[in-house]
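*Asks:* Build me a model from this:
(one chain, ligands or ions: 1)
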Amino acid sequence: MASEEARNRNIDAILDRAVENFARSIPAGTIKSNVEFEMHAGMRPRIIRSSNGKCCAWCSSVAGEYYADEAPDDIYKRHDNCNCTVTYISEKGRQDAHTKAWIRQEEVEARRARIAGDMKRIQELRNDETARKVSRKIIDRENRAKRDIIQAIGKPKAKVHLIPKKINVDEFSFNGYHINSVRGHGVTFSEAKKLIQESDVSVSVWDGNVERYYGENGVVYVNLPEKRIDTAFKKAEFTGDTLKVMEVIEKYGLR
Ligand SMILES: [Zn+2]
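*Replies:* As a prediction, the model looks like this:
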């Protein structure tokens, strides 16, 4: 049926725009590392995400209150013009995950109350076939992208970050001897930093000890506990698994 076809095309267009927006969404770097730090220190920080039900279907679907270690992967993700707030609550206090501003308890309660709006929106979406299809398609598409990247690198336990894991590169050292003398890759420290900052996706391997940053112009492997850049190579040297990862990035428009 022609009208059905037109409707599907329409859904695809909405989907493409949404995915494009997510590629530009804002990560909350330092908050995320706080979570990891405090988990180690035996604390259990919490996260509240809410939008009053006036944002998009996807945003309503991730709204809620969570323990930070049990929150959805994309809890910090926001698209353009997103009105969602993400609140981070730890023993140190209450903080906005995006602005990093400290906030009062009354504001936390107001944000918590907004979750009800999202739950209402979810209820409405259950009755709206088109919206349901769109939000589910976005999530499916992201999951397929992650699966394909894991397949490309051949490490089933890897964890893919469609928004590259934020690190403060200035705290990292550079294994220049290994990268340039042993491997002959010819990448400088500042080039490696730039490749990390411009990367499209990152992938955690070796139980999260190594983060690989994949971008159009180069790839960098970082040892997180040692805070050291261990491997870096440019586009001209892409082979095998790396090329496959680049294909997935292109296929899903993650760039
Ligand atoms: Zn939102």
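*Asks:* The one residue in the stretch 151-255 of the chain that gets nearest to the ion in helix, strand or coil?
*Replies:* Nearest residue of the stretch 151-255 of the chain to the ion (C-beta to the ion) works out as I163 at 14.7 Å. Every C-beta, even on glycine, is put in place using the N, C-alpha and C of the backbone. Here I163 is recorded as coil under DSSP: H, G, I helix; E, B strand; the rest coil.
*Asks:* What count of nearby residues applies to it?
*Replies:* Applying other C-beta atoms under 10 Å, we find 22 residues neighbouring I163.
*Asks:* Same check on the one 3 residues further on?
*Replies:* Neighbouring residues of K166 were enumerated by other C-beta under 10 Å; the total is 18.
*Asks:* P156 too?
*Replies:* 7.
*Asks:* likewise the one 5 residues further on?
*Replies:* Other residues lying near H161 total 20 when counted by other C-beta under 10 Å.
*Asks:* swap in M43?
*Replies:* M43: 14 neighbours (other C-beta under 10 Å).
*Asks:* That one - nearest residue in space that isn't next to it in sequence?
*Replies:* Excluding the flanking residues, the one nearest M43 by C-beta to C-beta, 6 or more residues apart in numbering is E91, at 5.4 Å.
*Asks:* Hmm, R46 and the one you found touching each other?
*Replies:* No. Assessed by C-beta atoms under 8 Å, E91 is found out of contact with R46, at 10.7 Å.
*Asks:* Compare those two (neighbour count), which wins?
*Replies:* Taking neighbours as other C-beta under 10 Å, E91 and R46 compare with R46 leading, 17 against 9.
*Asks:* Bridging across strands, which residues link to the more buried one?
*Replies:* Note on R46: beta-bridge partners Y67, I89, judged by DSSP bridges.
*Asks:* got the contact list for it?
*Replies:* Residues near R46 by C-beta atoms under 8 Å, 6 or more residues apart in numbering: E65, Y66, Y67, A68, Y88, I89, S90.
*Asks:* at 10 Å what do you get?
*Replies:* 35, 65-71, 87-90, 94 (C-beta atoms under 10 Å, 6 or more residues apart in numbering).
*Asks:* next one: A63
*Replies:* 48-53, 55, 75, 84-86, 114-119, 121-122.
*Asks:* ok, and which of those reach the ion?
*Replies:* S51, C55, C84 (C-beta under 5 Å from the ion).
*Asks:* Give me the phi and psi for the closest residue to the last one other than its chain neighbours.
*Replies:* Distances taken as C-beta to C-beta, 6+ apart put S51 closest to C84, at 4.2 Å, once the chain neighbours are dropped. Taking degrees, to the nearest 10, you get phi -140, psi 0 for the backbone angles of S51.
*Asks:* Also V245?
*Replies:* phi -60, psi -40.
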